[in-house]
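In: model the structure of this input:
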Amino acid sequence: MALALTPWLLLFSMCLAASPELNETMGGRPIIVFGCSVSANNQYYEQAESFYRKVFTKLGYRFSMLSLPRTRELAELKKGQLEGSCGRRFSPPYAVFPELVRVPVAIGTLSQVLLSRDATPGIPSLSDLPDGKRIAYVRGGITATEFVNQYPNLDPIAVVDAEVGIKMLAAGRVDYFLGISITTRDVLTRLHFDQKIYQHVQMNKLEIYPYLAPKARYLVEPLENAIKQQLLEQQKDYLFEF
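Out: Numbers count the residues shown, from 1 in each chain. So this is what the prediction gives:
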């Protein structure tokens with residue numbers, strides 16, 4: 001057990017060592033640490049990290065970002081180990097952690113997608129799925145939970161992340177996987193499956209916003225203005241659209 005916890009203890013130590021107060025006493029610029037619930041190898045992660053670094057440089061801060069599972073990211077926000085989240089959908093009040101503070105400028109859009117092993121077309125929505133079908137979704141993804149709860153005829157199965165869900169789909173342990181376009185694309189690009197996986201429908205376009213932990217709420221207005229300025233300089237309405 002001690003060995004399993006070691007990486008997270010190291011992570012906590014890094015976050016604590018990078019706190020604004022400690023860096024100020026050392027004469028350096030304070031550092032802001034965000035979590036991001038996508039793989040560090042993901043195209044969006046790289047875009048977001050570069051974007052936020054430029055934004056926080058404008059505000060006089062250094063910036064660091066950590067790739068964490070969604071539920072772990074929320075846990076670290078609650079503990080005060082992170083100043084913010086790189087992007088979550090707008091869902092007031094936030095069901096898991098209502099104290100999170102939304103920065104009121106969308107940085108991107110994502111779509112939900114439905115995956116299966118069946119190449120047969122003609123699944124325009126979840127309402128068209130046969131009764132009793134097993135559908136996996138990522139635990140902590142409020143939108144996916146809302147979708148699944150609308151269809152009591154289905155058999156919902158919560159998983160820790162998209163990779164686990166898609167592996168279960170490929171192995172035949174579930175019939176469908178409901179996920180976010182950017183993370184499903186990342187998993188299907190990185191991993192090889194003997195079983196062909198098909199995308200059936202893209203639905204429910206979501207705007208994504210930065211969120212701050214309560215301790216960093218003082219950053220809401222300056223961060224909003226700096227993000228708007230950076231998007232204007234990059235001549236973009238959004239940082240990304242998936």
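
In: tally of neighbours for Arg53?
Out: 15 (other Cβ atoms under 10 Å). (Each C-beta comes from the backbone N, C-alpha and C, glycine too.)

In: not counting sequence-adjacent ones, nearest residue to it?
Out: Spatial nearest neighbour of Arg53, chain neighbours left out: Phe63 (4.6 Å); criterion: Cβ to Cβ, 6 or more residues apart in numbering.

In: distance between stretch 29-44 and the chain's centre?
Out: Distance, stretch centre to chain centre, for stretch 29-44: 10 Å (Cα atoms, centre = their mean, to the nearest Å).

In: equivalent analysis for stretch 201-210, please.
Out: 11 Å.

In: so which bits of it are buried?
Out: Applying a neighbour-count criterion of 16 or more other Cβ atoms under 10 Å, one finds 201, 204, 206, 208-210 buried in stretch 201-210.

In: related to what we said a few turns ago, what about the residue nearest to Arg53, which helix or strand?
Out: Using DSSP states H and E, Phe63 falls within strand 62-67.

In: quick one: the following helix or strand past that strand to strand 62-67, angle?
Out: Counting by DSSP H and E, the next helix or strand C-terminal to strand 62-67 is helix 70-79. Between helix 70-79 and strand 62-67, the angle comes out at 140 degrees (axes from the mean of the first three to the mean of the last three Cα atoms, to 10 degrees).

In: and the next element down the chain from helix 70-79?
Out: Next element after helix 70-79 (DSSP H and E): strand 84-89.

In: identify the residues contacting that following strand?
Out: For strand 84-89, the external contacting residues (Cβ atoms under 8 Å, 6 or more residues apart in numbering) are 32, 34-37, 45, 48-49, 52, 65, 73, 77, 94, 100, 103, 107-108, 110, 142-143, 206-213, 216, 219.

In: buried subset of the residues you listed?
Out: 32, 34-37, 45, 48-49, 52, 65, 73, 77, 94, 100, 103, 107-108, 110, 143, 206, 208-213, 216, 219.

In: among the buried residues of stretch 201-210, which pair sits farthest apart?
Out: Comparing every pair within the buried residues of stretch 201-210 by Cβ to Cβ identifies Val201 and Pro210 as the most remote, at 28.3 Å.

In: the nearest residue to Ser67 once chain neighbours are set aside and Pro210: what is the separation?
Out: Spatial nearest neighbour of Ser67, excluding adjacent residues (Cβ to Cβ, 6+ apart): Ala40 at 4.0 Å. Applying Cβ to Cβ, to the nearest Å, the value for Ala40 to Pro210 is 18 Å.

In: show me what contacts the residue nearest the centre of the chain?
Out: For the chain, Ser37 is the residue whose C-alpha lies nearest the centre (Cα atoms, centre = their mean; 3.8 Å). For Ser37, the contact set (Cβ under 8 Å, 6+ apart) comprises 67-70, 73, 85.

In: ranking helices and strands of the protein by mean pLDDT, which lands last?
Out: The helix or strand of the chain with the poorest confidence is helix 20-25; it has a mean of 40 (mean pLDDT, DSSP states H and E).

In: run through who's touching whichever helix or strand comes after that one.
Out: The C-terminal neighbour of helix 20-25 among helices and strands, as given by DSSP H and E, is strand 31-36. The contact list for strand 31-36, computed with Cβ under 8 Å, 6+ apart, reads 15, 18-20, 23, 45, 48-49, 52, 56, 61-68, 72-73, 76-77, 81-87, 210, 216, 219.

In: I'm done for today, thanks for sticking with me.
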